[in-house]
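J.: predicted model follows, preceded by the sequence.
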Amino acid sequence: MRKKSLATRLFGYLSLMLCVLVVIIGSFYWVQSSELFHREVEEHTIHEIDTSAKYIEQYVSNLKSTSIALAQSKEIQTYAQNDHANNKDAIHQLFDTILKSHPDFRAILFVTKDGRILKTGMDEEMVTSTDMMAQEWYKEAILKSNTPIIKSTKNNSNQVVISISQEIKGEDGQHLGVIRLDVDYQELEKYVKELSLGTNGYAFVIEKDGTIIYHPDSEVFESVEKQMSVQDISNSPMDSMVSEDYFVHKSTIGNGDWVLVGVSSFSSFKETSFKLLAIVSAVGIVSLMICMFGIYALMRYQLLPVKQLGQVMKKVEEGDTTIRAQENGAQEFQVLAASFNQMLEKIEKLMQDEKEQEALTRVYELKALTSQINPHFLYNTLETIIWMAEFQDHKKVVEITKALSNYFRLSLNAGNELVTLQQEIEHVRQYLFIQKERYGDKLNYRIDFSEEIPPIMIPKIVIQPLVENAIYHGIKEIDRPGQIDITLLKIDEWIEICIADNGVGMSGKETSSKQLGGIGIKNVTERLKLFFGEAFTMTIDSKPNEYTKVYLRIPIKRQQDLQ
């Protein structure tokens with residue numbers, strides 16, 4: 001009986017193992033596919049709903065900002081404080097300008113505390129009465145004081161609109177009246193309809209008490225059973241709920257007055273699972289045949305170690321240092337191949353280290369350029385300029401435009417990665433000036449720059465992300481005036497930079513986690529460590545509901561290396 005070769009025997013063993021492995025993998029997939037698809041549906045639904053909630057929150061925030069700016073305008077204040085004011089035409093012109101610049105606005109209603117009414121837009125659709133001060137929206141606006149009230153209401157044409165009510169106060173805080181903006185319902189519907197929740201999926205918006213703001217099924221407004229189902233979702237303490245056929249996720253919009261709810265069906269994904277199983281089975285069989293052929297060829301090839309090593313050496317001579325010799329065959333050939341591979345490893349490691357260092361530098365340069373322009377900051381700044389232009393505050397428009405120009409000029413810095421510390425502080429000063437114009441009395445700031453500090457060079461855009469973090473995660477969340485203090489001191493051979501705010505603060509556990517988290521803070525930390533090494537330090541000191549302080553310590557002695 002002829003003995004089988006080593007290649008044939010190894011081929012038989014490995015083929016048997018591969019067949020068993022394919023069967024195990026196929027069985028495991030069949031059992032786990034349903035769970036995996038359910039998880040994919042859940043993650044996709046959560047991502048879609050949470051992302052759309054942020055867009056709706058931004059849209060609602062813009063509506064509130066418009067109502068606040070309108071309530072604080074000079075023409076409105078003058079008319080509300082003087083019952084003999086003769087600037088009705090100016091107010092109507094202001095209203096017409098706003099309606100033309102915001103196509104989604106349907107009407108504007110202005111009611112003074114003594115019952116005088118001015119309105120513009122689709123007059124026949126605006127619900128009015130002889131005693132507007134007795135209306136619920138008027139009372140709620142007074143109770144909420146400085147916070148705009150957003151409700152879903154119906155006009156005279158029985159059409160659903162979004163109404164934003166804002167109390168008007170004088171400089172002394174005295175109640176002067178209420179202004180209300182009616183916004184087209186279709187703008188909110190557009191955000192919800194663009195969601196991708198599968199064939200049978202849908203989304204709707206409710207108030208925190210369960211009142212339906214928007215629902216794609218008009219019958220839900222007439223069906224008590226369907227309204228009870230919506231109420232059950234609203235009352236549930238969980239953000240996500242799973243049943244046999246559906247997955248439900250809800251996300252709070254803004255300050256919690258509205259909730260966006262998404263419902264995804266598992267039925268279409270079950271069909272996809274069966275189709276994918278058939279495809280995987282077919283691919284598995286074909287792959288198994290290819291692997292078996294490859295294994296057989298590989299076994300025969302493993303019996304030629306000397307020829308293989310000679311081929312490897314020839315390719316290395318031609319410049320291919322990535323190739324490696326197979327360490328197989330007799331012991332002498334294994335030792336020779338191992339020694340040769342070790343030599344190639346050392347050469348490859350030296351070349352790879354050089355490439356990685358160059359790549360790392362390019363990566364952080366790209367991160368620096370990416371962080372220079374915050375699209376949300378630019379969008380909000382341009383919105384502020386538009387509002388001021390609408391109210392003909394030309395001086396402020398010029399000031400903010402100049403500040404924005406200086407901000408981007410300092411950000412680009414003619415393509416240079418390094419700037420002086422003075423330039424970096426000027427960059428932050430321009431940023432804070434713009435934010436001050438946006439937030440008004442909500443934001444105050446102070447910059448203390450010690451005269452002892454030498455004109456050192458640092459990587460650009462390392463302080464502004466920390467200031468931005470203090471505004472959006474600290475001051476923006478409080479209901480009192482915010483204060484940001486930036487202090488720069490020279491301590492021995494160090495420059496210490498402190499960014500302090502009186503915002504919501506953090507606990508000790510949150511402080512340690514946030515020090516390494518967040519794109520802005522992580523970008524700053526990695527770039528400063530790249531240039532200053534482990535000598536650079538960043539620490540966070542915070543107390544909940546009181547303050548947060550971020551300390552940067554930069555060594556002066558590394559300046560020659562930077563230059």
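T.: The structure has been received and is ready for your questions. Residues are numbered from 1 along each chain as shown.
J.: what's the burial count for the residue nearest to A389 when sequence neighbours are not counted?
T.: Sequence neighbours aside, V397 is the residue nearest to A389 in space, at 5.4 Å (criterion: Cβ to Cβ, 6 or more residues apart in numbering). To be clear about C-beta, it is placed using only N, CA and C from the backbone, and glycine gets the same treatment. Using other Cβ atoms under 10 Å, V397 has 18 neighbouring residues.
J.: pretty sure V397 belongs to a strand, no?
T.: No. Counting by DSSP: H, G, I helix; E, B strand; the rest coil, V397 falls outside a strand, being helix.
J.: contact partners for it?
T.: Shown in contact with V397 (Cβ atoms under 8 Å, 6 or more residues apart in numbering): 385, 388-389.
J.: which among the residues you listed gets closest to G173?
T.: Of all these, G173 sits closest to M388, with 24.1 Å by Cβ to Cβ.
J.: just the buried subset of the contacts of V397, please.
T.: Buried members of these, counted by 16 or more other Cβ atoms under 10 Å: 385, 388.
J.: for V183, see how far away the nearest residue to I484 once chain neighbours are set aside is.
T.: Spatial nearest neighbour of I484, chain neighbours left out: Y445 (4.3 Å); criterion: Cβ to Cβ, 6+ apart. Using Cβ to Cβ, to the nearest Å, Y445 is found at 34 Å from V183.
J.: cool, K139 as well?
T.: 21 Å.
J.: could you pull out the helices for the stretch 101-250 of the chain?
T.: Shown for the stretch 101-250 of the chain, the helices assigned by DSSP state H, counting those that start in this stretch span residues 136-144, 185-193, 224-235.
J.: which helices and strands sit right next to the last one?
T.: Which is helix 224-235. If you count contacts as 3 or more Cβ pairs under 8 Å, 6 or more residues apart in numbering; DSSP states H and E, helix 224-235 packs onto strand 202-207, strand 258-265.
J.: quick one: strands adjacent to the shortest one?
T.: This means strand 202-207. strand 212-214 (antiparallel), strand 258-265 (antiparallel) (DSSP bridges).
J.: go through those and name the closest to V428.
T.: Once the strands paired with strand 202-207 are compared by Cβ to Cβ, strand 258-265 is nearest, at 35.1 Å.
J.: pLDDT weak spots in the stretch 201-350 of the chain?
T.: 218, 221-222, 254-256, 267-273, 298-304, 306-307, 309, 321, 328-333 (pLDDT under 70).
J.: ok so, going back, okay, K139 and V183: which has more neighbours?
T.: Between K139 and V183, V183 has the larger neighbour count (other Cβ under 10 Å), namely 21 against 14.
J.: excluding chain neighbours, what is closest to the more buried one?
T.: Spatially, and ignoring its direct neighbours in sequence, V183 is nearest to I162 (4.4 Å; Cβ to Cβ, 6+ apart).
J.: okay, domains of the protein per the record?
T.: 72-187, 305-368, 371-562 (automatic domain parsing).
J.: dump the ones you listed to a markdown table, plus distance to T252.
T.: Conversion of those to a markdown table gives the following (distance: least, Cβ to Cβ, whole Å):
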| stretch | distance to T252 |
| --- | --- |
| domain 72-187 | 14 |
| domain 305-368 | 32 |
| domain 371-562 | 14 |
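J.: pick out the shakiest of those, pLDDT-wise.
T.: Among the domains of the chain, domain 305-368 carries the lowest mean pLDDT, at a mean of 70.
J.: got a list of contacts for the helix or strand encompassing Q77?
T.: If you go by DSSP states H and E, Q77 is part of helix 74-81. Helix 74-81 has contacts (Cβ under 8 Å, 6+ apart) with 70, 85, 87-88, 90-91, 94, 110, 112-113, 116, 118, 168, 170, 176-177, 179, 391.
J.: and what of stretch 53-66?
T.: Under Cβ under 8 Å, 6+ apart, the answer for stretch 53-66 is 98, 102, 148, 150, 162, 164, 166, 181, 183, 187-188, 191, 205, 251-254, 258, 260, 383, 387.
J.: buried stuff in it?
T.: In stretch 53-66, counting by 16+ other Cβ under 10 Å, buried: 53, 56-57, 59-60, 63-66.
J.: what mean pLDDT would you report for that stretch?
T.: 81.
J.: pull the CA atoms of that stretch into PDB?
T.: This file holds the C-alpha atoms of stretch 53-66, laid out as PDB (Å, rounded to 0.1, in the frame of the first residue of the first chain):
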ATOM      1  CA  ALA A  53     -33.600  65.600  18.100                       C
ATOM      2  CA  LYS A  54     -30.500  67.700  18.000                       C
ATOM      3  CA  TYR A  55     -31.500  69.300  14.700                       C
ATOM      4  CA  ILE A  56     -35.000  70.000  16.000                       C
ATOM      5  CA  GLU A  57     -33.500  71.400  19.200                       C
ATOM      6  CA  GLN A  58     -31.300  73.800  17.100                       C
ATOM      7  CA  TYR A  59     -34.300  74.900  15.100                       C
ATOM      8  CA  VAL A  60     -36.400  75.500  18.200                       C
ATOM      9  CA  SER A  61     -33.500  77.400  19.800                       C
ATOM     10  CA  ASN A  62     -33.400  79.700  16.700                       C
ATOM     11  CA  LEU A  63     -37.100  80.300  17.000                       C
ATOM     12  CA  LYS A  64     -36.600  81.300  20.700                       C
ATOM     13  CA  SER A  65     -33.700  83.600  19.900                       C
ATOM     14  CA  THR A  66     -35.800  85.400  17.300                       C
END
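J.: roughly how far is it from the heart of the chain?
T.: 15 Å (Cα atoms, centre = their mean, to the nearest Å).
J.: same question, stretch 385-398
T.: With Cα atoms, centre = their mean, you get 29 Å for stretch 385-398.
J.: may I see the PyMOL selection of the buried members of the contacts of stretch 53-66?
T.: Buried members of the contacts of stretch 53-66, defined by 16+ other Cβ under 10 Å, are picked up in PyMOL with:
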select buried, resi 98+102+148+150+162+164+166+181+183+187+188+191+205+251+253+254+258+260+387
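J.: among the contacts of stretch 53-66, which lie within strands?
T.: 150, 162, 164, 166, 181, 183, 205, 251-253, 258, 260 (DSSP state E).
J.: closest one of the residues you listed to R324?
T.: S251 (51.5 Å).
J.: now do the host helix or strand of F95 and helix 74-81, the angle between them.
T.: Assessed by DSSP H and E, F95 sits inside helix 88-101. Angle, helix 88-101 to helix 74-81, by axes from the mean of the first three to the mean of the last three Cα atoms, to 10 degrees: 130 degrees.
J.: how far does helix 88-101 sit from the chain's center?
T.: Distance, centroid of helix 88-101 to centroid of chain: 35 Å (Cα atoms, centre = their mean).
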